[in-house]
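Trainee: Need coordinates for the following:
(chains A, B, C and D)
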Number of protein chains: 4
Amino acid sequence: MAKSKFEYVRLFEREDRCLPNTWMVVRVDGKGFHRFSELHSFDKPNDSRALRLMNRAAVAVFREFRDISIGFGHSDEFSFVFRRSTEVYNRRSEKLVSLVTSLFSSAYVYYWGDYFGEEKLQYPPAFDGRIVLYPTDENLRDYLSWRQADVHVNNLYNTCYWNLVLHQKLTPKQAEDRLKGTLASDKNELLFKEFNINYNNLPEIFKKGTTMVRKSVQVNGKPMHAVIPLHCDIIGNKFWVDNPEILKCGKLPLVQIDESYEYFFNNINPFGVKFNGDKENISDVSS
Amino acid sequence: MAKSKFEYVRLFEREDRCLPNTWMVVRVDGKGFHRFSELHSFDKPNDSRALRLMNRAAVAVFREFRDISIGFGHSDEFSFVFRRSTEVYNRRSEKLVSLVTSLFSSAYVYYWGDYFGEEKLQYPPAFDGRIVLYPTDENLRDYLSWRQADVHVNNLYNTCYWNLVLHQKLTPKQAEDRLKGTLASDKNELLFKEFNINYNNLPEIFKKGTTMVRKSVQVNGKPMHAVIPLHCDIIGNKFWVDNPEILKCGKLPLVQIDESYEYFFNNINPFGVKFNGDKENISDVSS
Amino acid sequence: MAKSKFEYVRLFEREDRCLPNTWMVVRVDGKGFHRFSELHSFDKPNDSRALRLMNRAAVAVFREFRDISIGFGHSDEFSFVFRRSTEVYNRRSEKLVSLVTSLFSSAYVYYWGDYFGEEKLQYPPAFDGRIVLYPTDENLRDYLSWRQADVHVNNLYNTCYWNLVLHQKLTPKQAEDRLKGTLASDKNELLFKEFNINYNNLPEIFKKGTTMVRKSVQVNGKPMHAVIPLHCDIIGNKFWVDNPEILKCGKLPLVQIDESYEYFFNNINPFGVKFNGDKENISDVSS
Amino acid sequence: MAKSKFEYVRLFEREDRCLPNTWMVVRVDGKGFHRFSELHSFDKPNDSRALRLMNRAAVAVFREFRDISIGFGHSDEFSFVFRRSTEVYNRRSEKLVSLVTSLFSSAYVYYWGDYFGEEKLQYPPAFDGRIVLYPTDENLRDYLSWRQADVHVNNLYNTCYWNLVLHQKLTPKQAEDRLKGTLASDKNELLFKEFNINYNNLPEIFKKGTTMVRKSVQVNGKPMHAVIPLHCDIIGNKFWVDNPEILKCGKLPLVQIDESYEYFFNNINPFGVKFNGDKENISDVSS
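Mentor: Prediction:
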């Protein structure tokens, strides 16, 4: 058989293991989502369906990779943080980037209908992926702070922009000119004076993005491992003091069910079950 | 704004450009498809629906990346060959691997229903991706030969194995033992004597995999760029002599429509239209 | 001019920046020093001239790279630790490895005569170099502990081996057989019983290798930056508690001159002046 | 023994194998040679001693690495081309760059006295090193053409500059201003008119650099493997037609001794013997 003669080509493959004992962050990012969001009539400046679909796709990634300790997403991007101690796939960067990005993309299409209902998906969207290493906890926190600061900056701008375009009928160019050089305080004032919007009262998911964590919750008397999307500040110290297991390895803390959260459990059913804080459904989930 | 203070974390990113003037091959490979194929009742040893869905996903990748000059797929894997001269995404390996793998995965889910009909997709599948560089045309041809030789070896084995299991009711272990140490000639004889199967008469797509190429075809008097899946030998010289534009840059050759092929065109409609060699449909396609 | 036409070849170069905020260790290692040491009649098991020449070459590297905070050497190898914050040569690994290795090699030949006198250097020796990144202080300390533990293991073995060969006239094979499977305690006993050697009383440089640090010393009333080779334990905590500036950035501590050390100063004379704790020479050094 | 506990740090090492079947070029480059050449009173614009010392150091590298098929050097740099088929050190880039650079540096110091006589070497010089891969013969030839074109451009400029400075007593600034914007033809004319120098008559080593090749020469009736520095054009086709073994693997051609060349042989004596085309010495060399 001719096989052996050609097999030398495998020697051209290379393996790029990530440096041990560093935090590995895989970030996926929508390709051409400006056009994608227009084509699918996303609400502006934020589309709740789209954000929740992103989160749902992220949960699929959390379920597959147990060594992801925290995630953060907003708009059309999501970051997944692998523990510094993980040896998953021998820390091969190509394997991790491609599998995370693939699963995220695949899940995005798979769950589209759950969030967009009648709005048909018109073509298969793509995401790019990258991996970045952070050697210290401080560097990792700064990375996550960078992404959350970005949410705030972008959301404040976009909220102004789209209100100007949608409600004052400015052209995109006019809206851009209007906002050029304005400070955060100017934008807050603009929203309040011209659109009667108190920026602070906007939904937290728009202002803070989604921080995805793992917790243990009591369901019918049994602890269950859950993935929970939060919408809180992660730049300050409080979050990290309250959730020490994210940076340190260790047992997941048992937390009380909070009716305001969505919960995603890992069940015997490997494909995931969504639970929206509805106590009546819990027994189904755990069975 | 806190942004600037955190932005230093971008310096931890690295860019890994592929060596210029080398063939870049991105190969995607199904993760856990043994289980996936069982759960979705794939025909054994080959499921035509699954193979055609793989091809359909590959066409989505061909449409997005114009510098892919040839592809080759079989079973749950597909290889995409970028021209040695391409500068797409600055030849950044992470970008290319992640985008190709993402789009392939996303398209696989998106087009599932077109090929599997009532058979519901039960969870979002994942593919891993890798990139390998080949410095010479000979190395590249040997890579493709390696993959095609693999199809043959695997298909002959699997055809024996599944016939033994499905029609002689052997257990997996018994079937493996039966085939241990057999040569290709033994397997051909086994198929013929015990199952009256002439291996040579099996469909070419099973024996040769799918080679995907670009051609120009005449549709209603106008040349159109088409992506065409072929099922022919690519190990010998003939294929390369007949299709010189694959290794050399240059104009796509205009070929006659062959009724036995599927054609995939690049239309104004960016999401692709399938044309099954049905002349009556051609006018729709080109309009 | 033909230049421009060829200049594209620069695009094939790649830059490999080391991950920021990690300790970068460059280790050089003699190539073929078994033969080299025989040809130059090195004393066995340790040659003081050779060890001091290694240290002298290391000082040349310390002088060139101010961001090296600690070094460790023994036998024919030396490790140089660049501070995690350094931006020297943009942290390009190829640049750092090649320059450190080159300067070390060049200095080894240059200073040969200072240590070997009449013993002529018979051919230009070579060293290989490598760079390894350590993300945490603990990893770095473990790296240095690994190298120092290695000194001990090798030196105990070699001391036994060479005493058996030189004084009991065993063949290499016989000496190896004699030592096969022995524990450290066995080797200590062998040395004591058969050669009346108390291993603990051997010179520290043989047992602990050389740890090279930077200090400030008072010379004629003025503080001077000195590079000092130490021969002490660096596995335990004491060394790190006593020398906190190694892991943290900060001012070099002013230390008292200890007559037992060699000192290497950075003078106006860029090529270095050796000072052997001889107070009478100090005024020359600082002038 | 504490050893095992620390040995995990080896896992932080990475191996970077160069892509197979590509030409690997290691280029070494003097660090701070502007100052070095002034301090050692190099002749300007070219110092024959320095150029021949560079070549001598390059020969040491050729002797160590038998898979180097051609080298090219000028000024304070030298490039070494490893055959595309070589498996030396498993094609590990760090190993190759560091060993070549180390040996070159070490040899440069070692042989200094043979070329500079009474002029003492004042400090150990350093070279940096890099490795670049070229996938095709054409790319490799373009690389070498790039370096040789550079020699010409620099040498023409430097010849003008130093004649202006040394013989017309211009300041560096004045000389630079004088040459700003001049074409090659202007510079040729300046040399001829003002200094009566016909650029074409300058020594070839200054205008063409040194191309180092391997040949077999007949010495006392026996073929001997020799390393020969040439000073000829390598941009045009002629050189490559005349020396086909450089790009192809194969037996070294037997050439006639040309009295104008230096020859460097690989003898039983591993440390090299210099032979300056002096037939009387040949018997010593081969003995």
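Trainee: Contact residues of the stretch 51-200 of chain A facing chain C?
Mentor: For the stretch 51-200 of chain A, the residues in contact with chain C (C-beta under 8 Å from any C-beta of the partner chain) are A:R84, A:L133, A:P135, A:T136, A:N139. To be clear about C-beta, it is placed using only N, CA and C from the backbone, and glycine gets the same treatment.
Trainee: check contacts around the residue of the stretch 101-250 of chain A found nearest chain D.
Mentor: Using C-beta to the nearest C-beta, A:P135 is the residue of the stretch 101-250 of chain A that sits closest to chain D, at 11.4 Å. When contacts are counted by C-beta atoms under 8 Å, 6 or more residues apart in numbering or on different chains, A:P135 touches A:L19, A:N21, A:T22, A:W23, C:L19, C:P20, C:N21, C:T22, C:R84, C:P135, C:T136.
Trainee: wouldn't the second one be in contact with A:S85 here?
Mentor: Meaning A:N21. Yes. In this structure, A:N21 is within contact of A:S85 by C-beta atoms under 8 Å, at 7.2 Å.
Trainee: Three-state assignment for A:N158, please.
Mentor: What DSSP: H, G, I helix; E, B strand; the rest coil gives for A:N158 is helix.
Trainee: distance of it from D:R52?
Mentor: 68 Å (C-beta to C-beta, to the nearest Å).
Trainee: buried residues in the helix or strand hosting A:G71?
Mentor: Secondary structure assigned from DSSP states H and E places A:G71 in strand A:68-74. Buried positions in strand A:68-74, judged by neighbour count with 16 or more other C-beta atoms under 10 Å in any protein chain shown: A:I68, A:S69, A:I70, A:G71, A:F72, A:G73, A:H74.
Trainee: Count the residues that sit near A:F82.
Mentor: When neighbours are defined as other C-beta atoms under 10 Å in any protein chain shown, A:F82 has 24 of them.
Trainee: pretty sure A:R130 is touching B:F12, no?
Mentor: No. Counting by C-beta under 8 Å, B:F12 is not a contact partner of A:R130; they are 10.9 Å apart.
Trainee: Any idea which residue of the stretch 101-250 of chain A lies closest to chain C?
Mentor: Closest point on the stretch 101-250 of chain A to chain C, by C-beta to the nearest C-beta, is A:P135, at 3.6 Å.
Trainee: which residues in the stretch 51-200 of chain A form strands?
Mentor: A:68-74, A:77-82, A:127-134 (DSSP state E, counting those that start in this stretch).
Trainee: Quick one: closest of those to A:F42.
Mentor: Ranking the strands of the stretch 51-200 of chain A by their distance to A:F42 (criterion: C-beta to C-beta) puts strand A:68-74 first, at 13.8 Å.
Trainee: For the residue nearest to A:F65 when sequence neighbours are not counted, give me its contacts.
Mentor: Once flanking residues are discounted, A:F65 sits nearest to A:V88: 6.4 Å by C-beta to C-beta, 6 or more residues apart in numbering or on different chains. The contact partners of A:V88, by C-beta under 8 Å, 6+ apart, come to A:F65, A:D67, A:F82, A:L96.
Trainee: A:Q122 and A:S41, how far apart?
Mentor: Taken as C-beta to C-beta, the span from A:Q122 to A:S41 is 11 Å.
Trainee: I meant A:S98, not that one.
Mentor: Noted for A:S98: a distance of 31 Å to A:S41, by C-beta to C-beta.
Trainee: ditto for A:S79
Mentor: Going from A:S79 to A:S41 by C-beta to C-beta gives 27 Å.
Trainee: More neighbours: those two, which one.
Mentor: Between A:S79 and A:S41, A:S79 has the larger neighbour count (other C-beta under 10 Å), namely 24 against 10.
Trainee: wait, doesn't the more buried one sit right on A:S145?
Mentor: No. A:S79 is beyond contact range of A:S145, at 11.8 Å (criterion: C-beta under 8 Å).
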